[in-house]
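Enquirer: sequence first, predicted coordinates after that:
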Amino acid sequence: MVIAIDGKWLWDSWYVHDGERWHGYFLQADRSLGDPDLRHFNVTQGHATSTDLVDWRHLGTTFQPATGPAWDDYTTWTGSVVRGDDGFWHLFYTGTSKAEAGLYQRVGHATSVDLHNWSRVGDGLALDLTGPAADHYEKEHMAGFWHDRAMRDPWVMRDPEGQGWLMYFTARAPGIAEANGGGAIGFATSPDLANWTLQPPVFTGAFGQLEVPQVFERDGRWFCLFCTSSQHWGEAACELLGTPATGSHYLIGTGPRGPWQVAPLPLLDMDEPCQRYAARVVETPEGLRILGFADRGKADFGGFITDPDPVELGPDGLLRVVPSSPARE
């Protein structure tokens, strides 16, 4: 079965394994809103568990915007979960505030012992576009040029090249004349998951935004999964990949810090209209699997998480999705 809840739209999701079962987290909003575009600012996070990524047990709402005036009192969007050396589970998430009309995004931090009940660390704020490296980012909202001040979708992982942790996030770089050439994969480092240092982006260009980044290694090769809309392909992407489409593609790197470049054709998981968006790749005993939410465009918005499909790494070093079944509700 897909991950679906009667009366709710589900979209961006992320996953972690606790040694016995998978925990799936996802953004959710009530279908009673009528217009799926309204879901973004009427959001909470849901939680479900599974042993096989197919059959899911729903546990209800797990995280939501702060009450009262706060930097994250409007939305708590997409994130990732890791287990720290302290034995706690750590959630990193995207937050926005009502005071800023949701236009400025920042990264938040909460912890849990049971993967369902979360407590913010302090006021929850973990990282903002401040400090010495901030000038490498579009750190103010460029009204009329881009629709938000982008800093969202944190993906956190252990540093495979040393001690500490790495964070990747959706961002934009400043001073690029082509709006759809300014998308960036933001980057930060931490020794302990509590103290983060903003670093320059590890990739800039080709697209207006590279959403929901996920970095992983397979057979000695490094990949950075991302998703984007056909509206946000830049000139460089069109030259390399041809006709714009919507969904997930990836970057190829020589290590977790890059340098990164856009993978050539074939596109990984893109179509027009989009069939699956905000995809994640998870590693199972049977190999890599990809999951994302059924999109299909506003007029036929799916609002559920698709069943996992296999992902194969070919002898050419490129990733390919092997469809196993059509998405179904």
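Expert: Structure received. Residues are numbered from 1 along each chain as shown.

Enquirer: ranges for the helices of this structure?
Expert: Secondary structure of the chain (DSSP state H): helices at 235-241.

Enquirer: centroid residue for it?
Expert: For the chain, Val212 is the residue whose C-alpha lies nearest the centre (C-alpha atoms, centre = their mean; 2.3 Å).

Enquirer: verify the stated contact: that one with Cys227.
Expert: Yes - here Val212 reaches Cys227: they are 5.3 Å apart, a contact under C-beta atoms under 8 Å. C-beta here means a position set from N, CA and C on the backbone, and glycine is covered the same way.

Enquirer: identify the contacts common to these two.
Expert: Common contact partners of Val212 and Cys227 (C-beta atoms under 8 Å, 6 or more residues apart in numbering): 278-279.

Enquirer: residues near the residue nearest to Leu291 when sequence neighbours are not counted, how many?
Expert: Nearest non-adjacent residue to Leu291, counting by C-beta to C-beta, 6 or more residues apart in numbering: Pro308, 4.9 Å away. Using other C-beta atoms under 10 Å, Pro308 is surrounded by 24 other residues.

Enquirer: contact partners for Pro308?
Expert: Listed by C-beta under 8 Å, 6+ apart, the contact partners of Pro308 are 53-54, 282, 289-291, 324.

Enquirer: rerun that using 7 Å as the cut-off
Expert: When contacts are counted by C-beta atoms under 7 Å, 6 or more residues apart in numbering, Pro308 touches 53, 289-291.

Enquirer: how much space separates it from Gly60?
Expert: With distances taken as C-beta to C-beta, to the nearest Å, Pro308 is found 23 Å from Gly60.

Enquirer: circling back to that earlier point, which of the contacts of Pro308 fall within strands?
Expert: 289-291 (DSSP state E).

Enquirer: save these as JSON lines, and put in pLDDT and distance to Asp123 too.
Expert: What follows is the ones in strands among the contacts of Pro308, written out as JSON lines (pLDDT from 0 to 100; distance: C-beta to C-beta, whole Å):
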{"residue": "Arg289", "pLDDT": "97", "distance to Asp123": "36"}
{"residue": "Ile290", "pLDDT": "98", "distance to Asp123": "35"}
{"residue": "Leu291", "pLDDT": "97", "distance to Asp123": "32"}
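
Enquirer: can you redo these as a markdown table with distance to Arg120 and neighbour count?
Expert: Supplementary listing: the ones in strands among the contacts of Pro308 in a markdown table, determined by distance: C-beta to C-beta, whole Å; neighbours: other C-beta atoms under 10 Å:
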| residue | distance to Arg120 | neighbour count |
| --- | --- | --- |
| Arg289 | 31 | 20 |
| Ile290 | 31 | 21 |
| Leu291 | 27 | 24 |
